[in-house]
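Engineer: The following comprises the amino acid sequence and a computationally predicted model.
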Amino acid sequence: MAKKADAADPLKVEGKTEKQTSLSTRVKQRWQHLDGKASYWISQWQEIGTYIMPRKAYVTYTRLPGPMPDKEAQLFTSHAARANATAAQGVMSLVCDVQKEWVSLVAPEGLEDADGVSEYYAKCSQVMLRELSRSNFYSEFLEVNMDRTCFGTSAFIVEEGKDESLVFEVWNVGTFRIAQNADRKVDTILVKKEMTVRQLVDKYGLENVSQKSREIFLQNDGKSLDTVIDVLFEISPRTDEERAKGKKDAQNKPIASMHIEYQAGKLLLNSGYDEQPFFCTRYLRFAADAYGWSPSWHALPDARQLNLIQKQSDSIIGIMLNPRILMPESLAGRQPDLREGGITYWDESAPNAVPKEWGTIANPDLAEKRIQDLKADIDDAFNVQMFKMFCQLAASGQELTATQIRAMDQEKITFLSTTYSLLTTEVLIPLVHRVYGILSRRGMMPPPPKALIQQARDGTAFIPEPKIVFNNALAVALEQRETDAIDPVIQGAIAVGQVTGYFSVLDNFDMDKIVREKALASGADPDFMRDPQDVAKMRQQRAQAQQAAAQQQQQAHLANVAQKLGGVSPDSPMAGQIKQQVQRHL
């Protein structure tokens, strides 16, 4: 059956001080270790953010409250930032368009024909899409994609809210450290966040915060409540040794969640989840490292150069519009009137003693040519033209088809398939399972049919995980690429049959399966296709009808021959020979 709700109970402090200290020390040491391993990435993120996403260029130092225009002031062009935003929006329009049913839950294998199962999952799909639309998912997921395209790595979490069914939160790059398991999947994350003392007490309770935080809170002078405290979160798998057999409370769930006050080393929460609540995605994997690579690595040198040349170009234009003036000594103390229609007086007896422009010889066209080249390189790194097409189609209400995607350059298709595959396995599939679990625990899903309820070996009842089908054009196009691979093989087999007359070579292929898979890959509604058992019955009935028709034809022919022979008895040897000859000709 559906799992019980995620537990998030505060600690019971009595009698657990030593254990709490041990856990908090371990979490803090884990952060420090992973922080050291991430030093290279942190420096790269800082520089990438400076040129491509300045609002998040606060990786190596603390961002002060309020607007911070200093980073934006260092930029003289926002082209790279806009290229990154276009790529992120393009991915959103491809993967999870809010106006479309981009994902569906379907029955697990073997239960497709069970009573009520397909209808149950169809209703579950509707509930899930409705609740995603009501939540902050789409706005947060756009931020996830912007971070992913810019920095190469992004992370977010979905929690069960008090008032809302689903609450999503993006963790900014630089605030988290990650580790991956043997399959190179990120299963551990540590996040450092700032919380005020008031927020700390409100979330964990006064009795569970550190002594220092308790004293600050109890001052209650209106100022101390906003004192900022660093809080460290760790979410990671629990080993079997860390879980008590038979227990399913917060501290024995498969996914551990621990919160500590970083400076004080005070354990605030030791809880857990039924399924992994966070999702960390890489744009592309980089060697064996946990963190990912992004187009920004290619675009960064161009973005630096573009910023410098744009600054110089602006300076040239500024000088041309407001030129330097060479003033004769005789006019010292007097300024020429450079305003529109301005009048400047000079001594006619000294015709050479007039103000003159100087140092304004420059060719801005050369700078403009270089600027356009750099912009084109940046656009190419982020595949801007391709993603612009996706965004424009979505904005106009037109649907991007799998055929349009397949018509693209093969290199772009390969690029899309690689990064989309990572996004699917690292985010979309586990996200759907997480959302399905939360909504089931909240009682928001319809009651499951009896045919869906299974029994485990230990006798407990459970509902198997549904299959997940993505209905976006990119998923369809990539599936079509796989099924299209068989086409030239079959065409070659047909050519062999035409030349040799040996068409039985086609018996090597399961044509029914190929046709069905190609239809599904093309986006055809599965309801349009007959059940394989029904197809088998239709073929059996057709064969029986053909056999009956042949028998009737045979009998009619025999009767006709017998009539012509007249006196030949139907039971005579001659009649038998005639019958055999007729059968050979039929």
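Structural biologist: That came through fine.
Engineer: my guess is residue 118 meets residue 104, correct?
Structural biologist: No - using CB atoms under 8 Å, residue 118 is not in contact with residue 104; the gap is 10.7 Å. C-beta here means a position set from N, CA and C on the backbone, and glycine is covered the same way.
Engineer: Neighbour count: these two, which is higher?
Structural biologist: residue 104 (20 against 17; other CB atoms under 10 Å).
Engineer: Might you report the residue contacts of the more buried one?
Structural biologist: 121-122, 125, 468-469, 471 (CB atoms under 8 Å, 6 or more residues apart in numbering).
Engineer: Closest one to residue 433 out of those residues, please.
Structural biologist: Taking CB to CB as the measure, residue 433 sits nearest to residue 468 out of the contacts of residue 104, at 7.8 Å.
Engineer: tell me the contacts of the closest one?
Structural biologist: Going by CB under 8 Å, 6+ apart, residue 468 touches 103-106, 428-429, 432-433.
Engineer: Could you do residue 333 as well?
Structural biologist: By CB under 8 Å, 6+ apart, residue 333 has no neighbours at all.
Engineer: helix/strand/coil for it?
Structural biologist: With DSSP: H, G, I helix; E, B strand; the rest coil as the basis, residue 333 sits in coil.
Engineer: mind checking how far it is from residue 52?
Structural biologist: Per CB to CB, to the nearest Å, residue 333 is found 49 Å from residue 52.
Engineer: and the two most separated of the contacts of residue 468?
Structural biologist: 106 and 428 (15.1 Å).
Engineer: Of these two, give the one with the bigger neighbour count.
Structural biologist: Shown here are residue 106 and residue 428; by other CB under 10 Å, residue 428 has more neighbours (22 against 18).
Engineer: Surely the more buried one is within a strand?
Structural biologist: No - counting by three-state DSSP, residue 428 is not part of a strand but helix.
Engineer: which residue sits closest to it, ignoring its sequence neighbours?
Structural biologist: residue 470 (6.8 Å; CB to CB, 6 or more residues apart in numbering).
Engineer: quick one on the thing from earlier: tell me which entries of the contacts of residue 468 lie within helices.
Structural biologist: 429, 432-433 (DSSP state H).
Engineer: Just the buried subset of those residues, please.
Structural biologist: Buried members of the ones in helices among the contacts of residue 468, scored by 16 or more other CB atoms under 10 Å, are 432-433.
Engineer: which other residues reach stretch 344-356?
Structural biologist: Contact partners of stretch 344-356, identified using CB under 8 Å, 6+ apart, comprise 325-328, 330-331, 336-337.
Engineer: so how far is it off the chain centroid?
Structural biologist: The chain centre lies 70 Å from the centre of stretch 344-356; the measure is CA atoms, centre = their mean, to the nearest Å.
Engineer: I'd like the mean pLDDT over it, please.
Structural biologist: The average pLDDT for stretch 344-356 rounds to 77.
Engineer: Show me what counts as buried in that stretch.
Structural biologist: 354-355.
Engineer: elements contacting the biggest helix by length in the chain?
Structural biologist: Identified as the longest helix of the chain according to DSSP H is helix 532-565. Applying 3 or more CB pairs under 8 Å, 6 or more residues apart in numbering; DSSP states H and E, one finds that helix 532-565 contacts helix 573-585.
Engineer: nearest spatial neighbour of the most centrally placed residue in the chain, skipping sequence neighbours?
Structural biologist: Centroid check for the chain by CA atoms, centre = their mean gives residue 423 as the closest residue, at 4.0 Å. Leaving aside its sequence neighbours, residue 423 sits nearest to residue 281 (CB to CB, 6+ apart; 5.8 Å).
Engineer: Mind listing the residues bridging to that neighbour?
Structural biologist: residue 154 (DSSP bridges).
Engineer: That one and residue 459: what is the separation?
Structural biologist: Taken as CB to CB, the span from residue 281 to residue 459 is 38 Å.
Engineer: helix or strand right after the lowest-mean-pLDDT helix or strand in the chain?
Structural biologist: Least confident helix or strand of the chain, by mean pLDDT, DSSP states H and E, is helix 70-73 with a mean of 56. Next along the chain after helix 70-73, taking DSSP states H and E as the criterion, comes helix 79-95.
Engineer: list the helices and strands that following helix packs on?
Structural biologist: helix 39-52, helix 137-151, helix 296-321, helix 364-381, helix 384-395, helix 410-423, helix 473-484.
Engineer: Comparing those helices, which comes out most buried?
Structural biologist: Highest mean neighbour count of those: helix 137-151, a mean of 22 (counted as mean count of other CB atoms under 10 Å).
Engineer: Also compute the angle for that one relative to helix 79-95, please.
Structural biologist: 130 degrees (axes from the mean of the first three to the mean of the last three CA atoms, to 10 degrees).
Engineer: what sits against residue 510?
Structural biologist: Contacts of residue 510 (CB under 8 Å, 6+ apart): none.
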